[in-house]
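[1] Below are the sequence and a predicted model for it; my questions follow.
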Amino acid sequence: MHRLFKGRSQRRLRFCNRLGSPTFSRSTVFLSLPLSKFPNSTSVATAMMMAIAMKRAAAAAATRAISTANSGSILTRHLHASSGKKKIVGVFYKAHEYAEMNPNFVGCAENALGIRNWLESQGHEYIVTDDKEGPDCELEKHIPDLHVLITTPFHPAYVTAERIKKAKNLQLLLTAGIGSDHVDLKAAAAAGLTVAEVTGSNTVSVAEDELMRILILVRNFLPGHHQVISGDWNVAGIAHRAYDLEGKTVGTVGCGRIGRLLLQRLKPFGCNLLYHDRIQMDSELENQIGATFEEDLDKMLPKCDIIVINTPLTEKTKGMFDKERIGKLKKGVLIVNNARGAIMDTQAVVDGCNSGHIGGYSGDVWYPQPAPKDHPWRYMPNQAMTPHISGTTIDAQLRYAAGVKDMLENYFKGEEFPPQHYIVKEGELASQYRNRVKRMAETKSGMRKPVFTKVDQLRPGTSGHNLTVKVVSSKLVLQKGRPDGPQLRQMQIAECLVGDETGTIVFTARNNQVDLMNADNTVILRNAKIDMFKGSMRLAVDKWGRVEVTEAANFKVKEDNNLSLVEYELVNVVEE
Ligand SMILES: NC(=O)C1=CN([C@@H]2O[C@H](COP(=O)(O)OP(=O)(O)OC[C@H]3O[C@@H](n4cnc5c(N)ncnc54)[C@H](O)[C@@H]3O)[C@@H](O)[C@H]2O)C=CC1
C-alpha cells in the first residue's frame, strides 16, 4: 500500500542534483502533464488524469523500491548519509617562522586554511598536521575515525588503497588546490568516497609561473644569477645559449584551464603556438588565442622549441615522456613541467639534461614530494627546478581556502558541490581520469560502445544519453564578460531547439557549445543529461560530456513533438 501526496510541499523536493543524476528517493516519482492542455497543474481538470498517473507511478515506485533493495550498491559510503559532528583532518606544509609573517598565509599547517574557528564553533573536530608518512605518523593515527581529509598537492598526503580500507568513517577527500593524483582514485571510487578539488583556484598562478620558467630557460637566466652570487663575471658563459622568445614554437601538452591561460599570455610574445589535447577547442577560441591544434602528440612534439606540460597525472599520462619520446624531441628542447613529476620518466629527463638533448628543464613538481635530498633532478645540469610552489601563491591560497570552506559548508548541509569540482563521485571518476580504463573495457568485451538514444526516450532525472540531433533553432539568452577579457571567462548561454525523427527538446548550450549550435547543424551530444526547468525537461551537456558537430543527418526532425512542452509534477509516494 502506498499513499500518494501532491502539492506545494512536494515541490520542495529536488528534481535532480546539479550534475543531473537523480537524487530523488526511491519513493519519489514524476508525473507528466502536457502543458498545453493543463497549464495549471492543480486545476480540477487534471485531477482525474493525475489519479490514474499516480496509480501507475505508485506501482513503478514500488517496483523501483524492490529493485533498489535487491540490487545493493557498489557504494559503501554515502557522502551526505550522516549528519552530526565530523572529524576533519587537514594535511598542510609547515610554515614555522613564516606562519606569522602574513595574515593571508592560510595554506600552511599553522593557519590551517583559516577555517579552524568556523569548524570548531559548529562542534566539529579539526586536526591539522604536516606529518603524513610512515606507519607512526600523525595522519595515520586519525585514519581509522576521520570523516573528511583535506590535503594539498604541495605537501600531498598519499591516500593509498590501504589507507582507504582502514578509514572506515571516511566520506570526503578534498584537495585544497588542483590535481588529486595523490589519491588512489580507483580505490576511492570503489569505496564510494567523494573526491573533489577547487577547480580553477590556482590556474592563473600556475600559468604565470610557467611563463616565468619559459623566460628563465630561454634567456639562460639562472647561470648568470649564480655567477653574481659566486663573484664571477662571464658574459660568454651565459650568452652562448641565450635566445629571444619571439619566433619560437611553443607547444602545450594539455590545454585545459592552465594551458589556455598560458597560451593567452604567450600570444603577445609573437611565438608560434601549438597545443595537443584530448579535446579540440572551438575554432573561435582557437583564433582568439592564436594556437593550432595538433591531434597527434608525436607529430607536434618534434616541432617544438619549448614544451609545456599541462595535463593531469592519469594512467594515460603517467610516464608519457619516456626515453623514446624524449629522444624524438628537437635537440636542445626546453621543457616546463608544473603539471606532475610522474608524467616524466625521471631517469630519461636526467639523461636528456646530461647529454644536452634537453637544453633546459624547469618545473615545480616532483615524485615523491617533498623530493628526497638525493632526487636526481636536484643535481642534473640545465635545470631550473623549485619546490612545488606555483599554485600556492597567497592569492591562490585565499581562493582554494574559500573553495574548501564552501564545499565543507555544502557537505554539512547535504548539498552538491559545483560539478567541475568532482574528481570521483558516486563510484565514477571524472572523464579525463577514466579514459584508459574505459578503452581497456571496450577492447576487452567489445561491448562498451556508446549506446545512442532517441529524443522521445528522454525522461526526467536521467543522464548519460548519447544522441544525434539536428539544431532547429538557437537563441542567445545570456552573454557576460568580454571575449578578450583577462581570463577567458566569457559566459554565454543559448537556448536551442534540437531534435530527431521522434521529437524535439530544448538544449541549453553553454559557452563554447554555443558556437556549435548553428541552425541546421547536426550535432552529437555525448553524455547528455536532463535538467528540470520549471517542471519541464531540458537537455544539457556538462564538462563530463561533449558536443560535436558531425555530418548532416538524413532524418527529418519531428517538430510537432516538443518534449520541453510537457510539464512534470514531482509527487511523493510514502510506503506504509
Ligand atoms: N604546480 C602546481 O602548483 C599546479 C599544478 N596543476 C596541475 O595541472 C594540471 C592541469 O590543471 P588544469 O589546467 O586546471 O586542468 P584542466 O582539467 O582544466 O585541463 C587539463 C587538460 O588536459 C587534457 N588532458 C587530460 N588527459 C590528457 C591526455 N591523456 N592527453 C591530452 N590531453 C589530456 C584535458 O582534456 C584538459 O583539457 C592539474 O591536473 C595538476 O596536475 C594544477 C594546479 C597547480
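    Received it, and whenever you're ready, just let me know what you need.
[2] ok, the residue in the stretch 301-450 of the chain positioned nearest to the ligand - contacts?
    In the stretch 301-450 of the chain, the residue that lies nearest the ligand is residue 391 (2.6 Å; CB to the nearest ligand atom). Bear in mind the C-beta positions are built from the backbone N, C-alpha and C, glycine included. Counting by CB atoms under 8 Å, 6 or more residues apart in numbering, residue 391 touches 153-154, 177-178, 201-202, 205-206, 209, 338.
[3] which other helices and strands contact the strand ranked longest in the chain?
    Among the segments of the chain that qualify as a strand by DSSP state E, the longest is strand 463-480. In terms of contacts (3 or more CB pairs under 8 Å, 6 or more residues apart in numbering; DSSP states H and E), strand 463-480 is packed against strand 491-500, strand 503-510, strand 522-533.
[4] CA atoms only: put the longest one into CSV for me.
    I take that to be strand 522-533. C-alpha atoms of strand 522-533 as CSV (Å, rounded to 0.1, in the frame of the first residue of the first chain):
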residue,chain,number,x,y,z
THR,A,522,23.8,18.1,-37.0
VAL,A,523,25.5,17.5,-33.6
ILE,A,524,26.3,14.5,-31.5
LEU,A,525,25.6,15.1,-27.8
ARG,A,526,27.6,12.7,-25.7
ASN,A,527,26.8,12.0,-22.0
ALA,A,528,23.9,14.5,-22.1
LYS,A,529,21.6,14.9,-19.1
ILE,A,530,18.1,16.1,-18.4
ASP,A,531,17.7,19.1,-16.2
MET,A,532,14.3,20.2,-14.9
PHE,A,533,13.4,23.8,-15.5
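[5] just how off-centre is it within its chain?
    19 Å (CA atoms, centre = their mean, to the nearest Å).
[6] following it, which helix or strand shows up next?
    Following strand 522-533 in sequence order, the next helix or strand is strand 536-540 (DSSP states H and E).
[7] What is the burial count for the residue in the chain that the ligand sits nearest to?
    Closest to the ligand within the chain is residue 256: 1.8 Å, counting by CB to the nearest ligand atom. When counting by other CB atoms under 10 Å, one arrives at 20 neighbours for residue 256.
[8] which residue packs closest to it, ignoring adjacent ones?
    The shortest distance from residue 256 to any non-neighbouring residue, by CB to CB, 6 or more residues apart in numbering, is to residue 310 (6.7 Å).
[9] Could you do residue 93 as well?
    Distances taken as CB to CB, 6+ apart put residue 155 closest to residue 93, at 3.8 Å, once the chain neighbours are dropped.
[10] can you check residue 131 too?
    Leaving aside its sequence neighbours, residue 131 sits nearest to residue 138 (CB to CB, 6+ apart; 3.9 Å).
[11] Pull the number of nearby residues for the residue lying closest to residue 463 once chain neighbours are set aside.
    With sequence-adjacent residues excluded and distances taken as CB to CB, 6+ apart, residue 463 is closest to residue 529, at 3.6 Å. Using other CB under 10 Å as the criterion, residue 529 is surrounded by 24 other residues.
[12] roughly how far apart are residue 529 and residue 462?
    Using CB to CB, to the nearest Å, residue 529 is found at 7 Å from residue 462.
[13] One more: residue 333?
    Distance, residue 333 to residue 462, using CB to CB: 48 Å.
[14] and the two? which has more neighbours close in?
    Legend: neighbour count by other CB under 10 Å for residue 333 and residue 462, higher for residue 333 (20 against 17).
[15] Surely the more buried one touches residue 308?
    No. Using CB atoms under 8 Å, residue 333 is not in contact with residue 308; the gap is 11.2 Å.
[16] Show me the contact partners of the helix or strand hosting residue 120.
    Using DSSP H and E, residue 120 falls within helix 116-121. Applying CB under 8 Å, 6+ apart, the contact partners of helix 116-121 are 88, 126, 128, 405, 408.
[17] now it, how far from the chain's geometric center?
    Relative to its chain's centre, helix 116-121 lies at 28 Å (CA atoms, centre = their mean).
[18] next one: stretch 138-152
    23 Å.
[19] end-to-end on it?
    The straight-line separation of the ends of stretch 138-152 (CA to CA, to the nearest Å) is 16 Å.
[20] Now do the buried residues in it.
    Buried residues in stretch 138-152, counting neighbours by 16 or more other CB atoms under 10 Å, are found at 139, 142-143, 146-152.
[21] Next, the residues that contact it from outside, please.
    86-93, 107, 113, 127, 129, 131-132, 134, 157, 159, 163, 166-177, 182, 392, 400, 404, 408, 411.
[22] what does the protein put close to the ligand?
    177-179, 202-203, 206, 254-259, 276-279, 310-314, 316-317, 338-340, 364-365, 388, 390-391, 432 (CB under 6 Å from any ligand atom).
[23] Out of those residues, which sit inside helices?
    203, 206, 257-259, 432 (DSSP state H).
[24] And the furthest pair within those?
    206 and 432 (16.8 Å; CB to CB).
[25] Give me the residues contacting stretch 395-402.
    Under CB under 8 Å, 6+ apart, the answer for stretch 395-402 is 104-107, 113-115, 152, 176-177, 198, 201-202, 204-205.
[26] Revised request: answer the last question for stretch 369-383.
    For stretch 369-383, the external contacting residues (CB under 8 Å, 6+ apart) are 153-156, 341, 346-347, 349-350, 353-354, 356, 358-362, 366, 385, 387-388.
[27] dump the residue contacts of the closest residue to residue 508 other than its chain neighbours.
    In this structure, residue 508 finds its nearest non-sequential neighbour in residue 540, 4.8 Å apart by CB to CB, 6+ apart. The contact partners of residue 540, taken as CB under 8 Å, 6+ apart, are 20, 507-508, 510, 528-531.
[28] what about 6 Å?
    Residues near residue 540 by CB atoms under 6 Å, 6 or more residues apart in numbering: 508, 529, 531.
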